[in-house]
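Colleague: Have a look; sequence and predicted model below, questions after that.
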Amino acid sequence: PAKVPDDPPSMVFKQMELGGQFLKAAEDYGVTKTDMFQTVDLFEGKDMAAVQRTLMALGILAVTKNYGHAGGHAG
């Protein structure tokens, strides 16, 4: 029997699409483009520091909008 690829093309496309949707939602929430990673950064694992910057920026923004954990902070 033929082996099923670990990441069939449809799965790769879906993962990239979901990454793009996350970035759009983060931008709509207020994360600046300079704090955004590129989907390829996450997908290929080439610039995980950029991914971390995006997540930190989103977390800090959530706290400043008072949606974060009471008394908590990012960083």
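Modeller: Nice, thanks for sending it over.

Colleague: how distant is whichever strand or helix holds L55 from the center of its chain?
Modeller: Using DSSP states H and E, L55 sits within helix 48-64. Centroid separation for helix 48-64 versus its chain: 9 Å, with Cα atoms, centre = their mean, to the nearest Å.

Colleague: pLDDT of that helix, averaged?
Modeller: Across helix 48-64, the average pLDDT comes to 94.

Colleague: and that helix, which residues are buried?
Modeller: Buried residues in helix 48-64, counted by 16 or more other Cβ atoms under 10 Å: V51, R53, T54, L55, A57, L58, G59, I60, L61, A62, V63. Backbone N, C-alpha and C define where each C-beta goes, glycine included.

Colleague: Low-confidence regions, this structure specifically.
Modeller: Along the chain, the parts satisfying pLDDT under 70 run over 1-9, 67-75.

Colleague: contact partners of the longest helix along it?
Modeller: What stands out as the longest helix in the chain, according to DSSP state H, is helix 9-29. Outside helix 9-29, the residues within contact range by Cβ atoms under 8 Å, 6 or more residues apart in numbering are D7, K33, M36, F37, T39, L42, F43, T54, A57, L58, L61, A62.

Colleague: And for the third one, the neighbour number?
Modeller: Going back to what we said before, that points to M36. 20 (other Cβ atoms under 10 Å).

Colleague: Quick check: it touching T54?
Modeller: Yes - in this structure, M36 is within contact of T54 by Cβ atoms under 8 Å, at 5.5 Å.

Colleague: Tell me the spatial nearest neighbour of T39, not counting adjacent residues.
Modeller: Among residues not flanking T39 along the chain, G19 sits closest, at 3.9 Å (Cβ to Cβ, 6 or more residues apart in numbering).

Colleague: ditto for D41
Modeller: In space, and not counting its chain neighbours, D41 is closest to D47: 4.1 Å by Cβ to Cβ, 6+ apart.

Colleague: For the one you found, what are phi and psi?
Modeller: Note on D47: its backbone torsions stand at phi -140, psi 70 [degrees, to the nearest 10].

Colleague: sec struct for N66, please.
Modeller: At N66 the chain is in coil, as set by DSSP: H, G, I helix; E, B strand; the rest coil.
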